[in-house]
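Asker: Task: produce atomic coordinates for the following.
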Amino acid sequence: MKSVKIILSFVLICLIFISCAAENKKGEDTTAKAQNDIDEETETGIERPVIPEGTSYKGYEFKILIPSIYVSEYEYIEADIEQERGEPLADSVYRRNRLVESLLDIQIKAVAATADHLGMAEYIRKIILSDSDEFDAICTTNRTPNVLFREKYLVNLFNIPNLDLSKPWWDQRMVEDMAYKKSRIYHICGDIQYFDKYGICVLLFNKNLCLESGLEYPYDKVRNDTWTFAEFSKYVKGFSRDLNGDGVMDENDLWGIVENAGAIVHFLPSCGEKIATLNSDGIPVINALTERHINVVKTLCETLSDKTITLFADADQLRHLKDPYVDGVFKVFRDGHALFSPVSTLGGIQDFRNMEDDFGYLPYPKFDEVQKEYFHFQSYGWSSSYSVPVTNKNLDRTGMILEVMAGYSTDLLIPALIDVSLKSKFACDTDSEEMLEIIFKTKTYDLAIEFWIGDFQSVYYQAAHNGFSKFVSSIEAQMARAEADMANLISVYEELK
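Answerer: Numbering: from 1, shown residues only. Sure thing, here's the model as predicted:
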């Protein structure tokens, strides 16, 4: 596979670099030479950050603050790994960091906070108010910077020297979707980390059920740009069956879809719609009452709110279960009793590692063939991003380090992430590898969800459960509060630099 070739190529690069480093001990400055060797040996066409000749930060310890949960509950730490573990994803972080350390003469260190991801904002707030500069950058879930930027505790990333957000190693969709007036953004995702990819909602389908039902795998529809919501609906309508004949459709029966109340919110961006977005001037506006948006929601409800098709985790027939997710919808899919499961983010695929049936990855469907791209909802609770605190006293150095870390991650972290994701179930599924590459490139951001504008999400949850009939009136009832929230957000941006 392509990822294997890249990894083998990188082994050769490391040998070349070690040789250069050995010569450097004799007094020769070979940083520029090492970088040239790397550029020549890695896959052609990959752009690299420009490191001015002679750049050296004289062993500076670059500290990245991470939440405690990244250490205590997750196998990998995406900011730094102290030693190789023989695991592709962890080792890619280790090798990337050691390479960057050699190129810039620094040491990279992940500093674990005593707070988890939910308490990070308060933890960082106290440090900044004490005017301490004990860390250079922050890597945590998006909920943290979305709070801290409002309090003027984060640096506008456009103002950081040596940080070029137009480069392909930064998430261009995030810049497009979230940069106020195309010039202000306070946290960023990119190739530099992988939890933002773990936070993408993916569509899983049961291959065994497809074959047994005479249905073709949808891979070619994705490739031909004909994987639309109408096609998806054809797969699931009429698929459910009462397996045990008790007249009650529950976790013991066959379903077209297992999901949760966020179904409409998950499918909405894939259909090219957002609750709030930036206009052509980069100013956020509420989009929930436009004609196309309403039409998309109505179409989604026709399938997703049909209780003969979709089993929701919070459905009445699952209330008897201790955990309606683990013991309900997850178990239904894992037991081979659901054709599709859009309930999981990529990071949650581990819930299906013990599944006997073969499953595959798919992008969420487009609304229609007129829509040019696939899009994917991203959970801000899962997704991580990088930000820089206002206590940082050397933005030039920080910008260079983050830029080089990101630029040398493209052919290290991403191939390893795909490899690990596939090996969680089927390492040889090249179709799913191709689908993951599409999914990674098409995640998108909704300002209303990122910044909690109004209480719109509850309206979409109700539409998923009860259908479309009250959707428009419910949105209209939320508009006064939402417009006030949006006005407040804009005023915050205007006060910031």
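
Asker: C-alpha only now, for contacts and for neighbours.
Answerer: Fine.

Asker: isn't there a helix covering residue 221?
Answerer: Yes - residue assignment for residue 221, taken from DSSP: H, G, I helix; E, B strand; the rest coil, places it within a helix.

Asker: Return the distance of it relative to residue 375.
Answerer: Here residue 221 is placed at a distance of 15 Å from residue 375 (C-alpha to C-alpha, to the nearest Å).

Asker: Look at these two and report which has more neighbours.
Answerer: residue 375 (25 against 14; other C-alpha atoms under 10 Å).

Asker: Can you tell me the closest non-neighbouring residue to the more buried one?
Answerer: Once flanking residues are discounted, residue 375 sits nearest to residue 270: 4.3 Å by C-alpha to C-alpha, 6 or more residues apart in numbering.

Asker: swap in residue 338?
Answerer: Distances taken as C-alpha to C-alpha, 6+ apart place residue 255 nearest to residue 338, at 4.6 Å, with adjacent residues excluded.

Asker: which residues in the stretch 201-350 of the chain form strands?
Answerer: Here the stretch 201-350 of the chain has its strands, by DSSP state E, counting those that start in this stretch, at 203-206, 255-259, 276-278, 284-286, 310-312, 338-341.

Asker: helices and strands around the fifth one, which ones?
Answerer: In terms of contacts (3 or more C-alpha pairs under 8 Å, 6 or more residues apart in numbering; DSSP states H and E), strand 310-312 is packed against strand 255-259.

Asker: same check, this time on the first one
Answerer: Other helices and strands packing on strand 203-206, by 3+ C-alpha pairs under 8 Å, 6+ apart, are strand 338-341, strand 359-362.

Asker: State the distance from residue 105 to residue 401.
Answerer: Using C-alpha to C-alpha, which is the criterion applied here, residue 105 is 10 Å from residue 401.

Asker: should've said residue 138
Answerer: As it turns out, when the distance is counted by C-alpha to C-alpha, residue 138 lies 13 Å from residue 401.

Asker: can you list contacts of stretch 300-309?
Answerer: Contacts with stretch 300-309, where a contact means C-alpha atoms under 8 Å, 6 or more residues apart in numbering, come from 229, 233, 236-240, 255-257, 263-264, 267-268, 310, 463-468.

Asker: what's the average pLDDT for that stretch?
Answerer: Average pLDDT, stretch 300-309: 96.

Asker: in that stretch, what's buried?
Answerer: Across stretch 300-309, burial judged by 16 or more other C-alpha atoms under 10 Å covers 300, 301, 303, 304, 305, 306, 307, 308, 309.

Asker: for stretch 112-132, same thing?
Answerer: Within stretch 112-132, the residues that count as buried by 16+ other C-alpha under 10 Å are 112, 113, 115, 116, 117, 120, 121, 123, 124, 128.

Asker: who touches the second one in this structure?
Answerer: For residue 113, the set of contacting residues under the criterion of C-alpha under 8 Å, 6+ apart consists of 65, 66, 67, 68, 120, 123.

Asker: Show me where the stretch 51-200 of the chain has its strands.
Answerer: With DSSP E, counting those that start in this stretch as the criterion, the stretch 51-200 of the chain has strands spanning 60-66, 106-112, 137-141.

Asker: Brilliant, that's me finished.
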